[in-house]
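> sequence below, structure please.
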Amino acid sequence: MACPVAGYSASRSPRAQKVDRRQGCAHNTRMRLVARLAVVCALPCVLCACGAADAPRAGKATTPPTVAPAAAAPAEVAPPPPPALPVLAPDAGMQAQSPAAGAPEESLTLAVEVPLGAEVNAGVIERAQLNAILARGIGQFLRSVITEPQNLNGRFVGWRILSLFDGQPAIHVAVLRPGDTVRRANGQSLEHPEAFKAVWDALATAKELVLDIDRNGNRSKLRYTIAN
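Below you'll find the model as predicted:
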């Protein structure tokens, strides 16, 4: 292959031309090697330059990529506190009913039964009311006044009253009450039916009715006036 060499002249001798050709070919070969070496040496620089373009510039702060924060879980909402109860002021009427400061407290008084006296004026029996009771008869009377015999040491002492005209509000007997024991009526014992019948008949004209009773172990005489 012919290697052209600058300044080659055809007027030179063949021997000189041959030397020139050899020198020109050697020169061209060296140039091609230099060019290849230059390309090989330049390749790392090109790669470095490409990496430097992608890398951040020196002296400039690198901004990290912005990442959207994850949505926070909704915070648990505490229930509202219960409404406070209103404080009520004491009622004026209640204050008025309260005892004054320093006033003595009322003491509880228990009623104590006072025993009957030896003789008691028991009240008045209307003649018309008495006659109405006598007209109904002894049987009706004994159904309205329920009694039981009262004995002491095996001996009859009187009739203990269990009920007295119950359910008959029109008839009211003062002082005498259930639980009393009637020992005598107008001085007569009532142990036998004949004695009771005698007292019953005498009431049609009697001026008074006197009952000897025993109440809780205490004896008393109840005196009823029969008014016309």
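> could you list the domains of the protein?
Domain ranges of the chain: 12-56, 119-227, per automatic domain parsing.
> quick one: mean pLDDT for the shortest one?
It refers to domain 12-56. For domain 12-56, mean pLDDT is 61.
> hmm, back to that, looking at the domains of the chain, which one is packed in the most?
Of those, the one with the most neighbours on average (mean count of other Cβ atoms under 10 Å) is domain 119-227, at a mean of 14. Where C-beta positions appear, they are placed from N, C-alpha and C, glycine not excepted.
> low-confidence stretches in this protein?
For the chain, applying pLDDT under 70 flags the ranges 1-12, 16-17, 19-20, 23-30, 33-112.
> list the contacts for residue 165?
Contacts for residue 165 (Cβ atoms under 8 Å, 6 or more residues apart in numbering) come out as 144-145, 171-173.
> go on, residue 223?
Residue 223 touches 119-122, 208-210, counting by Cβ under 8 Å, 6+ apart.
> can you rerun that using 7 Å?
Remark: with contacts taken as Cβ atoms under 7 Å, 6 or more residues apart in numbering, residue 223 is in contact with 119-122, 208, 210.
> tell me where this protein has helices.
Under the criterion DSSP state H, the chain carries helices at the ranges 14-54, 92-97, 127-136, 138-144, 193-202.
> can I assume residue 222 is in contact with residue 120?
Yes - counting by Cβ atoms under 7 Å, residue 222 touches residue 120, with 5.4 Å between them.
> overlap of the contact sets of those two?
Taking Cβ under 7 Å, 6+ apart as the criterion, residue 222 and residue 120 both touch residue 175.
> out of the domains of the chain, which gets nearest to residue 113?
domain 119-227 (8.3 Å; Cβ to Cβ).
> any idea how far apart the tips of that closest one sit?
20 Å (Cα to Cα, to the nearest Å).
> between the contacts of residue 165, which sits nearest residue 130?
Comparing those against residue 130 with Cβ to Cβ places residue 171 closest, at 10.3 Å.
> not counting its neighbours along the chain, what's nearest the closest one?
Using Cβ to Cβ, 6 or more residues apart in numbering and skipping residues adjacent in sequence, the residue nearest residue 171 is residue 165, 4.5 Å away.
> let's have the domains of the chain in a markdown table, adding distance to residue 113.
Converted to a markdown table, the domains of the chain look like this (distance: least, Cβ to Cβ, whole Å):
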| stretch | distance to residue 113 |
| --- | --- |
| domain 12-56 | 117 |
| domain 119-227 | 8 |
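> re the thing from before, okay, and which of the contacts of residue 165 map to strands?
residue 145 (DSSP state E).
> ok, the contacts of residue 165 vs residue 199, which is closest?
Of all the contacts of residue 165, residue 145 has the smallest distance to residue 199: 13.5 Å, by Cβ to Cβ.
> wait, what's in contact with that closest one?
161, 164-165.
> turn these into TSV, including distance to residue 135.
Formatted as TSV, the contacts of residue 145 follow (distance: Cβ to Cβ, whole Å):
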residue	distance to residue 135
161	22
164	19
165	16
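> what's the closest of those residues to residue 218?
Of all the contacts of residue 145, residue 161 has the smallest distance to residue 218: 15.6 Å, by Cβ to Cβ.
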